[in-house]
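*Asks:* below: sequence and its predicted model.
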Amino acid sequence: VGEVESVGPGDVPFSVGDRVVVPHHVACGVCALCRRGSRTLCPVFKENLFDPGGFSEALVVGPRAVHQAMRHVPEGLSDAAATFLEPAACVLRGVDKADLTTDSPVSVVLGAGSMGLLHLLVLRAVAPEGRVIVVDPIADRQRIAETLGAQAAVAPEEAASAVHDVSRGLGADAVFDTVGGAALLRHALQMTRPGGVVVLFAHAADGETADFELNPLFKNERRVVATYSGTLEEQGRITELLFRGTLDPSPLVSHTLPLSRMPEAVDMARRREALKIMVVPG
């Protein structure tokens, strides 16, 4: 999120002084993967379109991002909320893959870090009639989840019981894994109802393999789906939710630090002493 200081040549739909938000990567839109709906797997998608990068006082935004992904930020929308445009779009992509078509879906979010809690907020924004259970071993994060609207927020050893109670014994329609790893995948599958889905949002360790029994997956038509990043389409829908105030992720920002304290921000994140840290130039 920033203010336009200058614009390059050509027909640029922004002016000096505009307050804007822009993600750092955009698919080409024309390759075989893009044409088949897999735009986040486009060969150029991982290219960083910011120079020199996001953590700087000033940066140049590449033309593909300017013309396809940059958006004006309206008055009344905080910088903190606007910064979640890209990560919330990543979450929305996974929510779409869960295909929550029931009237009152029961979802489980494994992990109550910033991305787990962002899942909670996006789920409540797009399916307000749904019920969300958040699972995390840290009591403080359980309390935050409850404050943000979780139907239940429990420790891992209490998860099965909570899912049973909230779903009235049926099981969860969808489980979103924001932690990663084979052990969580096995437990996630056990929480799902027949026909339910596990959405893998987080990375596993390099070389790690799954170790769950196949027949319960096959005979109950359970699904395991992977989701990676977000596209312009999801970013557009998140923009509407942010601009209407239906989605407000700003409570997830636990600390705001100046750019000069960037090493401290990284250390705080590594020690899990912060939920989400917003870095500002001054």
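*Replies:* Sure, I can see it.
*Asks:* where exactly do the strands run in this protein?
*Replies:* 2-3, 19-21, 50-51, 60-61, 71-72, 106-110, 131-135, 152-154, 172-177, 192-200, 223-226, 255-258, 277-280 (DSSP state E).
*Asks:* tabulate the ones you listed (CSV), appending mean neighbour count and distance to residue 92.
*Replies:* Every residue, glycine included, has its C-beta placed from N, CA and C. Formatted as CSV, these follow (neighbours: other C-beta atoms under 10 Å; distance: least, C-beta to C-beta, whole Å):
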stretch, mean neighbour count, distance to residue 92
strand 2-3, 14, 23
strand 19-21, 18, 16
strand 50-51, 14, 22
strand 60-61, 17, 23
strand 71-72, 16, 15
strand 106-110, 28, 13
strand 131-135, 27, 15
strand 152-154, 22, 22
strand 172-177, 28, 12
strand 192-200, 21, 12
strand 223-226, 14, 14
strand 255-258, 14, 25
strand 277-280, 17, 21
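*Asks:* and of these, who's closest to residue 88?
*Replies:* For these, proximity to residue 88 was assessed by C-beta to C-beta; strand 19-21 is nearest, at 11.4 Å.
*Asks:* contacts for the closest one next, please.
*Replies:* The contact list for strand 19-21, computed with C-beta atoms under 8 Å, 6 or more residues apart in numbering, reads 1, 2, 3, 4, 14, 70, 71, 72, 73, 82, 83, 85.
*Asks:* and for stretch 123-133?
*Replies:* Under C-beta under 8 Å, 6+ apart, the answer for stretch 123-133 is 92, 95, 100, 103-109, 119-120, 148-154, 159, 162-163, 166, 172, 241, 246-247.
*Asks:* filter those residues down to the buried ones.
*Replies:* 92, 95, 100, 105-109, 119-120, 148, 150-154, 159, 162-163, 166, 172, 241, 247 (16 or more other C-beta atoms under 10 Å).
*Asks:* point out where the stretch 51-200 of the chain drops to low pLDDT.
*Replies:* By pLDDT under 70, the stretch 51-200 of the chain contains no weakly predicted segment.
*Asks:* quick one on the thing from earlier: any chance of a markdown table for the contacts of strand 19-21, columns distance to residue 129?
*Replies:* A markdown table is the format used below for the contacts of strand 19-21 (distance: C-beta to C-beta, whole Å):
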| residue | distance to residue 129 |
| --- | --- |
| 1 | 32 |
| 2 | 37 |
| 3 | 39 |
| 4 | 40 |
| 14 | 38 |
| 70 | 34 |
| 71 | 29 |
| 72 | 32 |
| 73 | 30 |
| 82 | 27 |
| 83 | 28 |
| 85 | 25 |
